[in-house]
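Asks: Could you work out the structure for the sequence below:
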Amino acid sequence: MTFLQDAPQLAHPYRTDRSLRALLERVVPSARKVALDADFDALGDYAQMAWQRVGSSMRRKPVLTQWDAWGRRVDRIELTAAWLEGPQLTTRYGMLAAGHADNEYARLEQFARVYLYHVASEFYTCPLAMTDGAATALKASGNKELIDRALPHFLSRDASSFWLSGQWMTENAGGSDVGNTETIARQDTDGQWRLYGRKWFSSAVVGEAALALARPEGACSGTSALALFYVETMESDAAINGNRRNAELVIDRLKDKLGTHELPTAEIHLEGLPAWPLGELANGVRQIAPMLNVTRTWNAVCAIASIARAISLARDYAMRRQSFGRLLIEQPLHAQTLADMQAEFEGAFALTFEVAHLLGRVEQRVAAPHEALLLRLLTPLAKLWTGKLAVKICSEALECFGGAGYIEDTGLPQLLRDAQVYSIWEGTTNVLSLDSLRALAGDSLGALRTAIDGWLDGCTDVAAIHANRAALDAATGFIDAQQASRDGLEAGARGLAITLARCAAAALLARQATWSSARGDARPAAALRRFVGHGLLRLSTQDAGDNAVLLG
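Replies: Numbering: from 1, shown residues only. The predicted model follows:
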């Protein structure tokens, strides 16, 4: 037996990514783009190196050591190589700092960096997203003392002074529904607040700070009585020394998760950890709101980065693997499958980076009047749709490798395991679908129609225009028809959300196709035709009354 199959190679994620390069050329001023090229190229180099490293090492999980040899509690976590490299890469390439620069392209440029870095980072981008969210919440709070203390660390371009922030919200009683939070905040006689309780799911426990929900002692029950607190997880005299845990923070264990194995997620006990309220001692969930647009955009960007990686590897393999006398890429059905995946990716890419650009425009107060409403709607739509799409496409990609896609040491199964997290973190599909309904209670649908009209301007694909407007009209009709039945509206919220997401994505693809076709690039127009051909409507018209029958 002399045959040995060549393994898939990762094409350079920046130099070969036509979607990203076309977006940057269309949107970012040329002088800014030239300045970005070196960083983007270097991040692509790092991604290729990291993929090679995955193939030569099976180390996938952090290791928690709770006690030293002499019985002292240490709670030391040994991280993977990518995580140890994270602070240097984050600060060198401005993964966080770039997003808070004072220009309308800041978020677009930041998320282009994140997109290139994410898969290679082994989900170090998860705590980066939370740190970005914490920085945003601190700025929105107006708490000058905490802003001056923490923000220079969160947005540092120097690894020696960089801090990560976690978000400690989830407890045994629930995730998205935090109203039953049991963590208590007590105030010492000197006025210092301290937290007591158990957090069931704490990512970035290796970080130096966190935002945590807690109920001030004596406050009433319910969500509105919760307060949002800032904490530091290290001893005060060792705030940047990641090897010394705070004595008032105990790590019970690391989570054994389906995917994201390299990311240390912990169950923790808080035993009097010092804390500082961001603002009023109530309405903590409302204080979290400013970070949601940020963290959900991170989620969507990371989802499409995983999709891009899966397709890139599947495409490369199709040019190396022969079956029945021809390369896979020459087999009509296989080529059709890859092209279908690519078209869906391009739609998701267009929507996600429009959200990133909108976020920057709204934050910098240069947005058009309808764009704030548009951002409020498109953010949950992009997050929920890309989360589901990542699972679907990564699963399809594994099929493209046959049996090799099921073998752990190829590094391929990890793509699918990791993809499942995108539809869970920062709100499940159903939670985000219901959030989209809340966004639609304003005039977000009108804002979306205004935006789509602009995106379709100049489009010559009559079929795409007709399909888009027909789907939008159907979505509007569905909303109108269900106004008298809140249960019916909620039951159909997922199909409505995905329909609106696909309508927005198709119109954005049309805009890119119009621009690219004028420059001799026919690919976006082909992606538009294929994407629209897959259908835009996903409305559910099932009888909600059947639910009780089927589930009884």
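
Asks: Do I have it right that residue 122 meets residue 84?
Replies: No - counting by CB atoms under 8 Å, residue 122 does not reach residue 84; the two are 10.4 Å apart. Quick note: C-beta positions are derived from backbone N, CA and C, even for glycine.

Asks: Of these two, give the one with the bigger neighbour count.
Replies: Neighbour tally, residue 122 and residue 84, criterion other CB atoms under 10 Å: the higher count belongs to residue 122, 24 against 11.

Asks: got a pLDDT number for the more buried one?
Replies: Per-residue pLDDT puts residue 122 at 96.

Asks: in this protein, what spans have low per-residue confidence?
Replies: 58-59, 174-175, 235-246 (pLDDT under 70).

Asks: cutoff 80 now
Replies: In the prediction, the chain carries residues with pLDDT under 80 at positions 1, 57-60, 173-179, 203-204, 234-247, 541, 543-545.

Asks: ranges for the strands of the stretch 201-350 of the chain?
Replies: Ranges of strands in the stretch 201-350 of the chain, per DSSP state E, counting those that start in this stretch, are 209-216, 227-232, 249-254, 266-277, 322-323, 326-327.

Asks: which other residues reach the fifth one?
Replies: Outside strand 322-323, the residues that touch it by CB atoms under 8 Å, 6 or more residues apart in numbering are 328, 331.

Asks: got it, and the second one?
Replies: Contacts with strand 227-232, where a contact means CB under 8 Å, 6+ apart, come from 134, 137-138, 146, 150, 168, 185, 193, 195, 208-216, 219, 239, 246, 273-285, 287-288.

Asks: Repeat that for the last one.
Replies: Contacts with strand 326-327, where a contact means CB under 8 Å, 6+ apart, come from 318-321.

Asks: most neighbours, which of these?
Replies: Going by other CB under 10 Å, residue 318 tops those with 21 neighbours.

Asks: ok, residue 260 touching residue 121?
Replies: No - with contacts counted by CB under 8 Å, residue 260 stays clear of residue 121, the gap being 11.1 Å.

Asks: any chance you could map the helices in the stretch 401-550 of the chain?
Replies: 413-419, 429-440, 444-456, 462-481, 486-491, 493-517, 523-533, 546-551 (DSSP state H, counting those that start in this stretch).

Asks: Tell me the one of the contacts of strand 326-327 nearest residue 76?
Replies: residue 320 (42.7 Å; CB to CB).

Asks: Can you report phi and psi for the closest one?
Replies: With angles defined as degrees, to the nearest 10, residue 320 sits at phi -120, psi -30.

Asks: can you pull the contacts of it?
Replies: 5-6, 8, 327.

Asks: how about stretch 338-355: buried residues?
Replies: Using 16 or more other CB atoms under 10 Å as the test for burial, stretch 338-355 gives 338, 340-355.

Asks: swap in stretch 81-90?
Replies: Quick answer for stretch 81-90 (16+ other CB under 10 Å): 82-83, 85-87, 89-90.

Asks: Residue 260 and residue 121: which is more packed in?
Replies: More crowded of residue 260 and residue 121, by other CB under 10 Å: residue 121, with 27 against 20.

Asks: Touching, that one and residue 81? I think so.
Replies: No - Residue 121 is beyond contact range of residue 81, at 11.1 Å (criterion: CB under 8 Å).

Asks: I'd like to know how far residue 218 sits from residue 281.
Replies: Distance, residue 218 to residue 281, using CB to CB, to the nearest Å: 10 Å.

Asks: out of the two, which sits in the busier spot?
Replies: residue 281 (19 against 9).

Asks: related to what we said a few turns ago, ok, of the contacts of strand 326-327, which one's closest to residue 386?
Replies: residue 318 (23.8 Å).

Asks: Mind checking which residue lies nearest the centre of the chain?
Replies: Centroid check for the chain by CA atoms, centre = their mean gives residue 299 as the closest residue, at 0.7 Å.

Asks: so it touches residue 388, yeah?
Replies: No - checked against CB under 8 Å, the pair residue 299 and residue 388 is beyond contact range at 12.0 Å.

Asks: and residue 538, how many neighbours?
Replies: By other CB under 10 Å, the residues close to residue 538 number 18.

Asks: any idea what sits nearest it, other than its immediate chain neighbours?
Replies: Closest residue to residue 538 apart from its sequence neighbours, by CB to CB, 6 or more residues apart in numbering: residue 498 at 4.2 Å.

Asks: likewise residue 359?
Replies: Leaving aside its sequence neighbours, residue 359 sits nearest to residue 107 (CB to CB, 6+ apart; 4.6 Å).

Asks: Surely the one you found is in contact with residue 366?
Replies: No - using CB under 8 Å, residue 107 is not in contact with residue 366; the gap is 11.9 Å.

Asks: Please identify which of the two sits among more neighbours.
Replies: Set side by side, residue 107 and residue 366 show more neighbours around residue 107, with 28 against 11, by other CB under 10 Å.

Asks: In which helix or strand does the more buried one reside?
Replies: Applying DSSP states H and E as the criterion places residue 107 in helix 106-121.

Asks: From the contact counts, what lies against that helix?
Replies: helix 18-27, helix 30-56, helix 81-92, helix 125-141, helix 284-318, helix 332-363 (3 or more CB pairs under 8 Å, 6 or more residues apart in numbering; DSSP states H and E).
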